[in-house]
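Novice: fold the stuff below for me.
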Amino acid sequence: MSAHAHTTTLPASARGRVVASYGRHLLVEADDGRRVRCHPRGKRTEAVVGDWVDWQPSGDEGVITAIHPRRSLLRRQDELRTKTLAANVDQVLIMLAAEPVFSDEHLSRALIAARDADVAPLIVLNKRDVQPAFDEAWQRLEPYRAMGEAVLPLCVGGGVLDDGMEALWPHLQGRATLVMGASGVGKSTLINRLVPGAQAQTQAISRALGTGRHTTTHTTWYWLDEARRSAIVDSPGFHAFGLHHIEPRRLASLMPDIAAHLGGCRFANCTHRQEPGCAVRAALAPQGPLSPRRWQLYQALYDELARAQQPYG
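Specialist: Numbers count the residues shown, from 1 in each chain. I've put the predicted structure just below:
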């Protein structure tokens, strides 16, 4: 082969973080803060918001060449599809509101998904100014506080003397926090309170990705400080939270009030549903501390996950 056979060389790869995505378009932030529109090398987009990637310049854009190992990956999966929410986050802020009334099951599913991903959950109840609905909702969260979940009151739209933002702020410092919640809970208002330029940033991202439409229906990474140590990650609202990616046997360990009674069952492979000598069932109220409602939820989820694991045919 002649010494002149290779006349072109690919530019060296650079490292960056995916800060927004829309279909096959990704916005990657380089270590120096520059943001570049990138595409995956193949047909499928494996990278998600929060991923560290290697990319190479290609004209005015870039090509993603590798995805670095993730320290966390939050996702939900039902019988139809898997939806990846974000990678490399430290915390998930589950936002609820006094109105619309939140679903205990949806909250429990989000908490289980966070624990499965080894991401710390933080529950925030918004609309403190809506009474008596707020007090009723706060009371409904008592069992979660009793099992050790962090729960904060909030009023992002104003209307009360203490809106809760000052108490929330320390929980966000030095962390990447994914914010998720159903439509109408005040998620966009919270993002705009935390990141005053969020709307302008979102429009700029939309232009950079060439989508011609708002990207609030997609996940976006915002920095909370100039040092880029604290971040908030906005994700689309959801109505259901599938957990089909979780092994049924792991479920008990991901529910703190049930996990507290593990290890004392007669059988090592106890499913805590009907076996004799089960320490979890022995803990059921009225004699024990475990809520029958939570155990019923565990049973229903276990059955759902067990069905999901069965091969077709």
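Novice: contacts and neighbour counts: CA atoms only from here.
Specialist: Will do.
Novice: just the helices in the stretch 1-150 of the chain please.
Specialist: Listed in chain order, the helices of the stretch 1-150 of the chain (DSSP state H, counting those that start in this stretch) span residues 104-116, 133-140, 142-146.
Novice: same question, the stretch 201-313 of the chain
Specialist: Secondary structure of the stretch 201-313 of the chain by DSSP H, counting those that start in this stretch: the helices cover 256-259, 279-282, 292-309.
Novice: which one, of these, ends up nearest to Glu99?
Specialist: In this view, the helices of the stretch 201-313 of the chain are compared for proximity to Glu99 by C-alpha to C-alpha, and helix 292-309 is the closest at 22.6 Å.
Novice: CA atoms only: put that closest one into PDB for me.
Specialist: What follows is the C-alpha trace of helix 292-309 in PDB, where atoms were taken according to Å, rounded to 0.1, in the frame of the first residue of the first chain:
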ATOM      1  CA  PRO A 292     -52.700  -4.100  54.400                       C
ATOM      2  CA  ARG A 293     -53.100  -1.700  51.500                       C
ATOM      3  CA  ARG A 294     -49.400  -1.600  50.800                       C
ATOM      4  CA  TRP A 295     -49.200  -5.400  51.000                       C
ATOM      5  CA  GLN A 296     -52.100  -5.700  48.500                       C
ATOM      6  CA  LEU A 297     -50.300  -3.300  46.200                       C
ATOM      7  CA  TYR A 298     -47.200  -5.500  46.500                       C
ATOM      8  CA  GLN A 299     -49.200  -8.600  45.600                       C
ATOM      9  CA  ALA A 300     -50.800  -6.900  42.500                       C
ATOM     10  CA  LEU A 301     -47.400  -5.600  41.300                       C
ATOM     11  CA  TYR A 302     -45.800  -9.000  41.900                       C
ATOM     12  CA  ASP A 303     -48.400 -10.700  39.800                       C
ATOM     13  CA  GLU A 304     -48.100  -8.100  37.100                       C
ATOM     14  CA  LEU A 305     -44.300  -8.500  36.900                       C
ATOM     15  CA  ALA A 306     -44.500 -12.200  37.100                       C
ATOM     16  CA  ARG A 307     -46.800 -12.200  34.000                       C
ATOM     17  CA  ALA A 308     -44.500  -9.800  32.200                       C
ATOM     18  CA  GLN A 309     -41.500 -12.200  32.700                       C
END
